[in-house]
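build me a structure from this.
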Amino acid sequence: MSKKSKNNYKWLFVLGILLELLAIIYFALPLLLNTPAAFIVIKSDSMLPVLEKGDVIVVSGIDKHPNSFENEIIAFYDPTQGKIIVHRAIGMNKNCLITKGDNADMIDFFNPCKEYVLGRVVMKV
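Next comes the predicted model:
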């Protein structure tokens, strides 16, 4: 076996290890953070200037009562729109959160209760 072939195999081995590590992180992080969506890409300007379109955020799941999230940025599933929303929790309405984008004039129509909250934003990548 030539030296060039050995070097190619070494690179393939290292690349294989890196891909395995990325797969472990991608699949294990949601379990470790207790959330079904550990990484979310921001797709709107509703949270400017804190989060911009294209930012990638890390979300950590919840195990507490939703009222502990006031003033925090959270990710939640909105079934009326069929998508995940990332907005700030600004208050409570019964047992559900009132949310609003930092760059929005009005509060959100849908008030997510605990079962719709994916977690709080813990980091921007």
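
mind listing the helices for the chain?
Along the chain, counting by DSSP state H, helices occupy 3-33.

which residues in it form strands?
39-41, 56-60, 73-78, 83-93, 96-100, 117-124 (DSSP state E).

need the ones you listed in a markdown table with mean pLDDT and distance to residue 50, can you?
All C-beta spots, glycine's among them, are computed from the backbone N, C-alpha and C. Formatted as a markdown table, those follow (pLDDT from 0 to 100; distance: least, Cβ to Cβ, whole Å):
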| stretch | mean pLDDT | distance to residue 50 |
| --- | --- | --- |
| strand 39-41 | 87 | 14 |
| strand 56-60 | 88 | 10 |
| strand 73-78 | 94 | 7 |
| strand 83-93 | 94 | 8 |
| strand 96-100 | 95 | 12 |
| strand 117-124 | 89 | 8 |
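
any idea how far residue 106 is from residue 90?
11 Å (Cβ to Cβ, to the nearest Å).
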